[in-house]
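Student: 3D model of this:
(one chain, ligands or ions: 1)
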Amino acid sequence: MVLSLRDLSVEAAGRALVDRLNLDVEAGRIVGLVGPNGSGKSTALRCVYRALRPTSGAVLLDGTDLTSLKLRDSARSIAALTQESQTELDFTVEEVVALGRAPHARGNHPLTARERALRRESMERLDVAHLAERSVLTLSGGERQRVLVARALVQEPRVLVLDEPTNHLDVRHQVELLSFLRGSGLTVLTALHDLNLAAAACDRIAVLSSGSLVATGSPTEVLTPELVRKVFGVDVTVVHHPRTGAPHLIYDLTAAAPAALPDAPPEGRHS
Ligand SMILES: Nc1ncnc2c1ncn2[C@@H]1O[C@H](COP(=O)(O)OP(=O)(O)OP(=O)(O)O)[C@@H](O)[C@H]1O
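Tutor: You can find the predicted model right below:
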């Protein structure tokens, strides 16, 4: 097992934000963390990329407790794209992507020829090579997000931790990013809001609700109408992709409307 969360708990303000979470990510697999707003996804991921120390429990990398490793050593193995990833300095795109090499660098040396080739390849893969000379301050939200993924790839991590990587991305770039991850051989733990993208991209899905793991398994095992209703409070119909068989949730917005507006005055309702 490359990555294991063992009885991971995070408490703050007298409450468990993550409650004894156990989760394994096997080598080369993509595990999606889904759950309602505030269910603890980002908090759990923050423990994995070491922005947060768990109150109890541990994150193991190849069986070793991360807290026993130097930050720099775990950063060589685990790259993260986070909600807090910053691009507020007036750096060019290629400078930001090059920062991914920092955990591997000894001192402040220029990139080697191999590292420059790796940077170019990552920028091309994320479709940002044409922006190489641009200041990151001038990028759109989706362009910036793709630059941050390129930076994470340049790090050559064994494990990629992604918090909502498809944020800001248009549909083409969402599909390209997730299909790239599927073929990359990387071990990936990613929070995703879009259950259909999670179903299409992930080998396994873990569902968090109020800090606790309530289901884990393949997308077909986990994404049932019963589970989605119980955890998200939404009625869905599940269909299956004609070729891959992946589950796909369809939402009936007309059916949801009356239940979501219990206090609407009668004249405001459609007959
Ligand atoms: N430092 C903190 N102190 C108190 N509460 C916190 C702290 N950090 C996070 N929380 C709370 O912990 C809960 C879990 O937050 P978290 O960001 O992990 O959820 P999430 O599942 O990633 O949500 P979202 O889908 O909205 O991004 C939320 O209710 C949040 O308000």
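
Student: so what pLDDT did residue 167 get?
Tutor: For residue 167, the model assigns a pLDDT of 87.

Student: Secondary structure class of it, three-state.
Tutor: Assigned state for residue 167: coil (three-state reduction, DSSP: H, G, I helix; E, B strand; the rest coil).

Student: Any regions of this protein where pLDDT drops low?
Tutor: For the chain, residues meeting the criterion pLDDT under 70 lie at 86-87, 107, 256-271.

Student: and it, which residues reach the ligand?
Tutor: Applying the criterion Cβ under 6 Å from any ligand atom, the portion of the chain that neighbours the ligand consists of 12-13, 17, 35, 37-43. Just so you know, the C-beta spots here come from the backbone N, C-alpha and C atoms, and that holds for glycine as well.

Student: Break down the protein into its helices, ranges please.
Tutor: 41-48, 71-77, 93-98, 113-125, 141-154, 171-184, 195-201, 219-222, 225-232, 253-260 (DSSP state H).

Student: and residue 240, which of those is closest to it?
Tutor: Comparing the helices of the chain by their distance to residue 240 (Cβ to Cβ), the top pick is helix 219-222, with 8.0 Å.

Student: Pull out the buried positions in the closest one.
Tutor: Of the residues in helix 219-222, those with enough neighbours to count as buried (16 or more other Cβ atoms under 10 Å) are 219, 222.

Student: With stretch 201-220 instead?
Tutor: By neighbour count, and taking 16+ other Cβ under 10 Å as the criterion, the buried residues in stretch 201-220 are 201-202, 204-211, 213, 215-216, 219.

Student: Farthest-apart pair in the residues you listed, please.
Tutor: Among these, the pair separated by the greatest distance (Cβ to Cβ) is 201 and 210, at 24.9 Å.

Student: what's the distance between the closest residue to residue 169 other than its chain neighbours and residue 212?
Tutor: In this structure, residue 169 finds its nearest non-sequential neighbour in residue 142, 4.9 Å apart by Cβ to Cβ, 6 or more residues apart in numbering. Here the criterion is Cβ to Cβ, to the nearest Å. By it, residue 142 lies 33 Å from residue 212.

Student: Same question for residue 41.
Tutor: Residue 41 is 12 Å from residue 212, where distance means Cβ to Cβ.

Student: can you check residue 122 too?
Tutor: With Cβ to Cβ as the criterion, residue 122 and residue 212 are 36 Å apart.

Student: swap in residue 70?
Tutor: When residue 70 is compared with residue 212 (using Cβ to Cβ), they lie 32 Å apart.

Student: repeat for residue 249
Tutor: Distance of residue 249 to residue 212, computed by Cβ to Cβ: 22 Å.

Student: swap in residue 103?
Tutor: The value you get for residue 103 to residue 212, if Cβ to Cβ is used, is 33 Å.

Student: Equivalent analysis for residue 45, please.
Tutor: Per Cβ to Cβ, residue 45 is found 16 Å from residue 212.

Student: Could you do residue 11 as well?
Tutor: From residue 11 across to residue 212, the span is 13 Å (Cβ to Cβ).

Student: Could you do residue 24 as well?
Tutor: Look at residue 24 and residue 212: by Cβ to Cβ, they are 17 Å apart.

Student: Ok, residue 119 next?
Tutor: Distance of residue 119 to residue 212, computed by Cβ to Cβ: 41 Å.

Student: Repeat that for residue 151.
Tutor: Using Cβ to Cβ, one gets 33 Å for the distance from residue 151 to residue 212.

Student: before we move on, what about residue 79?
Tutor: Note on residue 79: its distance to residue 212, by Cβ to Cβ, is 27 Å.

Student: And residue 75, by the same measure?
Tutor: Per Cβ to Cβ, residue 75 is found 29 Å from residue 212.

Student: what about residue 252, how many residues close to it?
Tutor: Taking other Cβ atoms under 10 Å as the neighbour definition, residue 252 ends up with a count of 11.

Student: What residues does it make contact with?
Tutor: By Cβ atoms under 8 Å, 6 or more residues apart in numbering, the contact set of residue 252 is 235, 237.

Student: change it to 7 Å
Tutor: The neighbours of residue 252, taking Cβ atoms under 7 Å, 6 or more residues apart in numbering as the test, are residue 235.
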